[in-house]
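*Asks:* The following comprises the amino acid sequence and a computationally predicted model.
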Amino acid sequence: MENVVLIIHLLLALALIGVVLMQRSEGGGLGIGGGGGGAVSGRSAATALGKITWVLAGAFICTSIALTVIAAKNSASSSVFDRLGTSAPVEETTTPLAPAGDSLLPPSEGDDAPLLPRAD
């Protein structure tokens, strides 16, 4: 079911992109200074492409919500720890964080580790 809704969602997204790109640019961002569709109102008359855009946008939102509900329903039955597959608990170890010979400081003269030659 999820795959069917996902395919419909993708087709709606592509159709919505196509319809929006086919519409005529009215100039002016956010509908400011659009064409003179009405004598009193600032909105232009709705075209067929505008109505199709609204229908596709509504269907796109519906499929988005449907995919969210389906994903929530599928993930509600199990936890992340159930999906890890580890049945034994993690044992604590008492080893130090870094071995004694693994220091970030350079070795001193008295250490047994050989010194690297200097690049002078």
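*Replies:* Structure received. Residues are numbered from 1 along each chain as shown.
*Asks:* Now do the residue lying closest to Ala66 once chain neighbours are set aside against Trp54, distance only.
*Replies:* With sequence-adjacent residues excluded and distances taken as C-beta to C-beta, 6 or more residues apart in numbering, Ala66 is closest to Val5, at 5.2 Å. C-beta here means a position set from N, CA and C on the backbone, and glycine is covered the same way. Per C-beta to C-beta, to the nearest Å, Val5 is found 21 Å from Trp54.
*Asks:* okay, these two: which has more neighbours?
*Replies:* Between Val5 and Trp54, counting by other C-beta atoms under 10 Å, Val5 is the more crowded of the two (16 against 12).
*Asks:* Where does the more buried one sit, in terms of helix or strand?
*Replies:* helix 2-22 (DSSP states H and E).
*Asks:* Quick one: mean pLDDT for that helix?
*Replies:* Across helix 2-22, pLDDT averages out at 95.
*Asks:* For the longest helix seen in the chain, which helices and strands make contact with it?
*Replies:* Longest helix in the chain, counting residues (DSSP state H): helix 48-76. Secondary-structure packing of helix 48-76 (3 or more C-beta pairs under 8 Å, 6 or more residues apart in numbering; DSSP states H and E): helix 2-22.
*Asks:* Which elements pack onto the helix it packs on?
*Replies:* helix 48-76.
*Asks:* list the buried ones in the helix it packs on?
*Replies:* Ile52, Thr53, Leu56, Ala59, Phe60, Thr63, Ala66 (16 or more other C-beta atoms under 10 Å).
*Asks:* ok, so of those residues, who is nearest Leu16?
*Replies:* Ranked by distance to Leu16 (C-beta to C-beta), the buried residues of helix 48-76 are led by Leu56 at 4.5 Å.
*Asks:* Report the contact partners of the closest one.
*Replies:* Contacts here follow C-beta atoms under 8 Å, 6 or more residues apart in numbering; on that basis Leu56 touches Leu12, Ala15, Leu16, Val19.
*Asks:* correct me, but the third one touches Ala57?
*Replies:* Just to be clear, that refers to Leu16. Yes: here Leu16 reaches Ala57: they are 6.4 Å apart, a contact under C-beta atoms under 8 Å.
*Asks:* Below-threshold pLDDT in the chain: ranges please.
*Replies:* For the chain, the stretches with pLDDT under 70 are 27-45, 76-83, 85-120.
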